[in-house]
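A.B. asks: coords please:
(one chain, ligands or ions: 2)
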Amino acid sequence: MATICSTHCRSYPSLQPVSSPSSKLGHVPQHVTLSSSASKRFLAAKVSLKSQSDSNEVAVHTHQPQQSDGAATAAAVPVDIDTTQKLLNSELLSFTSAEESRAEASSYNNGNESVSITVVGASGDLAKKKIFPALFALYYEDCLPKHFTIFGYARSKMTDAELRTMVSKTLTCRIDKRENCGEKMDEFLKRCFYHSGQYDSQENFAALDKKLKEHENGKASNRLFYLSIPPNIFIDAVKCASSSASSGNGWTRVIVEKPFGRDSESSAALTKSLKQYLREDQIFRIDHYLGKELVENLSVLRFSNLIFEPLWSRQYIRNVQFIFSEDFGTEGRGGYFDNYGIIRDIMQNHLLQILALFAMETPVSLDAEDIRNEKVKVLRSMRPLELGTMVIGQYKSHTKGGVTYPAYTDDKTVPKDSLTPTFAAAALFIDNARWDGVPFLMKAGKALHKKGAEIRVQFRHVPGNLYNRTFGTDLDRATNELVIRVQPDEAIYLKINNKVPGLGMKLDRSHLNLHYAARYSKEIPDAYERLLLDAIEGERRLFIRSDELDAAWSLFTPVLKELEEKRVVPEYYPYGSRGPVGAHYLAARYNVRWGDLGIDMDQ
Ligand SMILES: NC(=O)C1=CN([C@@H]2O[C@H](COP(=O)(O)OP(=O)(O)OC[C@H]3O[C@@H](n4cnc5c(N)ncnc54)[C@H](OP(=O)(O)O)[C@@H]3O)[C@@H](O)[C@H]2O)C=CC1
Ligand SMILES: O=C1O[C@H](COP(=O)(O)O)[C@@H](O)[C@H](O)[C@H]1O
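C.D. replies: Numbers count the residues shown, from 1 in each chain. Ligands and ions are numbered 1, 2, ... in the order given. The predicted structure is shown next:
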């Protein structure tokens with residue numbers, strides 16, 4: 001039976017044994033403290049990694065709430081390691097931030113409730129490329145509720161069979177379970193339907209409602225609408241969906257795709273219009289970078305390892321870099337892109353969201369509101385960007401190896417005189433006690449030499465370093481650097497100095513390396529899978545709250561206006577290059593050298 005949110009498809013913060021090829025039972029934590037109350041949020045499920053050599057037994061401590069004197073009572077109960085393995089995999093250790101959603105999720109499987117997912121704009125690029133494949137992956141992993149139906153909605157005329165054919169072309173299977181993929185795909189496609197309609201037609205949405213009801217078959221209905229359409233028709237669709245096709249006896253949620261406006265004013269107007277038809281808790285503003293595995297891991301890395309948090313401040317960190325790079329241009333999306341540009345497309349949302357997660361104070365809990373409260377504080381402590389601390393660029397045509405790559409303005413949907421930046425670099429500052437004076441550098445560009453996204457944390461020089469002479473003059477090369485490679489080939493590595501083995505004293509740069517492909521055999525889920533599952537479960541942690549959005553726009557709106565009003569000419573860089581030289585000068589002003597995507601690992 002399909003179960004939503006079973007531990008294999010969803011792991012909220014829980015200490016899970018690693019299913020890496022090299023992982024053996026004997027290597028799992030051998031001293032475990034379990035909470036006696038699994039129903040409490042983020043209860044102190046503490047797992048101590050104390051090894052008991054040669055023992056097939058672990059001590060499980062039921063951790064009681066603290067007594068008034070602050071002492072916790074703990075009773076050690078020996079259990080065998082198989083039991084512990086099961087416990088490690090069970091809900092007991094899963095101190096979830098989504099307790100209520102889980103209760104809600106389990107009710108989907110008792111047979112009385114249904115979930116209908118309507119992809120509005122089903123004929124479009126995002127739906128085909130990301131949404132349907134993510135839904136299939138969730139189905140494949142048994143993560144969708146028992147009674148679910150998927151509807152595609154768009155103006156294009158299509159039959160159910162045609163939608164299925166279209167969708168089937170984009171589906172892929174998980175690498176480790178290919179055997180029954182075809183079967184699963186057929187089962188999945190049978191649950192997909194299509195309804196053609198206008199985005200502003202109450203009548204067409206009412207007809208959709210009728211079809212949804214037939215599929216819900218008298219069960220309590222929960223409805224998720226994914227707005228995969230251009231922003232100018234968001235409000236029409238929300239209005240019609242909410243008044244003619246929302247659930248009468250369950251929840252109705254709407255996932256809204258970016259862009260959430262183009263500046264503070266248009267974003268506020270969009271929020272205001274959305275709130276005419278929806279409550280804030282029904283709106284799921286998606287930023288798919290928040291669903292990426294390594295972005296999710298950022299908080300785990302920082303808050304569950306003693307070694308990082310004490311270093312996470314201006315005292316030890318010299319600068320932080322957020323780098324996004326694509327090795328292709330705006331091919332096919334020039335029409336959309338020209339109205340937004342790279343600053344709105346990537347920096348104001350994806351990179352800024354990662355920055356806020358990176359820099360926030362420890363939240364009270366992993367609850368969505370607690371995390372979003374901390375993120376918004378970071379955003380509100382930041383200085384708005386200024387033209388003087390930015391560089392913008394646009395790619396130009398370039399011929400290499402007999403192939404001519406187009407300029408941005410060669411795109412037929414882009415005006416010939418467009419000044420829209422396809423590259424930008426900026427220095428940002430957080431004026432709070434933790435980060436005062438630390439440059440947070442962002443760089444984002446299309447049509448560059450490589451594809452990748454990384455966070456780089458460069459630490460300060462070791463004061464009075466005894467080995468300075470051995471490093472030569474370039475001390476920067478010898479400082480520690482933590483690299484979180486978000487994509488591709490996910491990895492987290494720390495650059496350290498060590499001695500080359502031998503009788504002499506020669507120093508070497510090495511990496512303490514968590515390379516995901518080597519460590520985990522399981523394929524990393526696509527960001528859209530995580531986010532769709534969260535929306536179904538009502539988990540809001542990875543979606544943007546309206547005050548976060550306001551704060552984010554306040555930082556970028558003044559400089560965006562200035563760029564447009566002054567018609568600032570971008571620095572042109574060849575397609576496939578490393579981007580404008582200006583970005584290096586900008587970094588140099590803060591004594592920073594940009595990290596080179598992927599290069600460290602190749603060394
Ligand atoms: N594609 C991507 O990689 C990403 C997209 N996004 C966002 O997701 C949303 C969807 O993106 P994407 O799929 O690329 O968009 P598309 O341009 O492919 O549009 C989706 C569908 O909307 C309908 N549509 C398009 N233009 C109009 C129009 N002017 N008036 C009415 N209907 C229209 C079309 O369906 P029909 O004609 O059948 O009604 C189309 O198939 C957008 O908000 C985009 O910004 C966000 C991140 C990445
Ligand atoms: O939101 C967007 O993201 C994509 C890049 O996403 P990724 O997951 O493939 O890294 C970008 O190409 C697009 O311009 C932007 O709108």
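A.B. asks: C-alpha from now on. contacts and neighbour counts both.
C.D. replies: OK.
A.B. asks: find the nearest non-adjacent residue to whatever residue of the stretch 501-603 of the chain ends up closest to ligand 1, please.
C.D. replies: Minimum separation of the stretch 501-603 of the chain from ligand 1 (C-alpha to the nearest ligand atom) falls at Tyr528, amounting to 10.5 Å. Leaving aside its sequence neighbours, Tyr528 sits nearest to Ala134 (C-alpha to C-alpha, 6 or more residues apart in numbering; 5.8 Å).
A.B. asks: can you report phi and psi for the one you found?
C.D. replies: phi -70, psi -40 (degrees, to the nearest 10).
A.B. asks: which SS state does Tyr493 fall under?
C.D. replies: Following DSSP: H, G, I helix; E, B strand; the rest coil, we place Tyr493 in the strand state.
A.B. asks: coming back round to it: can you tell me the element the residue of the stretch 501-603 of the chain closest to ligand 1 falls in?
C.D. replies: Using DSSP states H and E, Tyr528 maps to helix 527-537.
A.B. asks: ditto for Cys181
C.D. replies: Under the assignment here (DSSP H and E), Cys181 is part of helix 181-190.
A.B. asks: what kind of secondary structure is Thr165 in?
C.D. replies: Applying three-state DSSP: Thr165 is helix.
A.B. asks: to clarify, my last question referred to Leu586.
C.D. replies: Classified using three-state DSSP, Leu586 is helix.
A.B. asks: that one - how many residues pack around it?
C.D. replies: Close neighbours of Leu586, defined as other C-alpha atoms under 10 Å, add up to 21.
A.B. asks: so it makes contact with Leu387?
C.D. replies: No. Contact criterion C-alpha atoms under 8 Å: Leu586 and Leu387 do not qualify, at 11.5 Å.
A.B. asks: burial of Lys258, as a residue count?
C.D. replies: Lys258: 19 neighbours (other C-alpha under 10 Å).
A.B. asks: kindly apply the preceding question to Pro463 instead.
C.D. replies: So Pro463, with other C-alpha under 10 Å, has 7 neighbours.
A.B. asks: so it sits in a strand?
C.D. replies: No. Counting by three-state DSSP, Pro463 falls outside a strand, being coil.
A.B. asks: show me the contacts for Leu298.
C.D. replies: 357-358 (C-alpha atoms under 8 Å, 6 or more residues apart in numbering).
A.B. asks: buried ones in the one helix or strand it maps to, by neighbour count?
C.D. replies: Using DSSP H and E, Leu298 sits within helix 293-303. Buried residues in helix 293-303, counting neighbours by 16 or more other C-alpha atoms under 10 Å, are found at 293-296, 298-299, 302.
A.B. asks: tell me what angle it forms with helix 527-537.
C.D. replies: When axes from the mean of the first three to the mean of the last three C-alpha atoms, to 10 degrees is applied, the directions of helix 293-303 and helix 527-537 differ by 70 degrees.
A.B. asks: and helix 293-303, how far from the chain's centre?
C.D. replies: 10 Å (C-alpha atoms, centre = their mean, to the nearest Å).
A.B. asks: which helices and strands sit right next to the helix or strand just after the helix holding Cys181?
C.D. replies: Next in sequence after helix 181-190, counting helices and strands by DSSP H and E, comes strand 192-196. Using 3 or more C-alpha pairs under 8 Å, 6 or more residues apart in numbering; DSSP states H and E, the elements in contact with strand 192-196 are strand 148-154, helix 160-168.
A.B. asks: flag every residue of the stretch 251-400 of the chain that's near ligand 1.
C.D. replies: Applying C-alpha under 6 Å from any ligand atom, we find that the stretch 251-400 of the chain lies next to ligand 1 at 257-259.
A.B. asks: repeat that for the stretch 101-250 of the chain.
C.D. replies: Going by C-alpha under 6 Å from any ligand atom, the residues of the stretch 101-250 of the chain near ligand 1 are 121, 123-127, 154-156, 228-231.
A.B. asks: and the gap between the spatially most central residue of the chain and Leu357?
C.D. replies: Taking C-alpha atoms, centre = their mean, the centroid of the chain lies closest to Leu290, which sits 2.1 Å from it. According to C-alpha to C-alpha, to the nearest Å, Leu290 stands 9 Å off from Leu357.
A.B. asks: equivalent analysis for Asp345, please.
C.D. replies: When Asp345 is compared with Leu357 (using C-alpha to C-alpha), they lie 19 Å apart.
A.B. asks: low-confidence ranges, the protein, go.
C.D. replies: Counting by pLDDT under 70, the chain has low-confidence residues at 1-110, 173-179, 473, 598-603.
A.B. asks: got the domain boundaries for it?
C.D. replies: 25-96, 100-257, 290-458+545-602 (automatic domain parsing).
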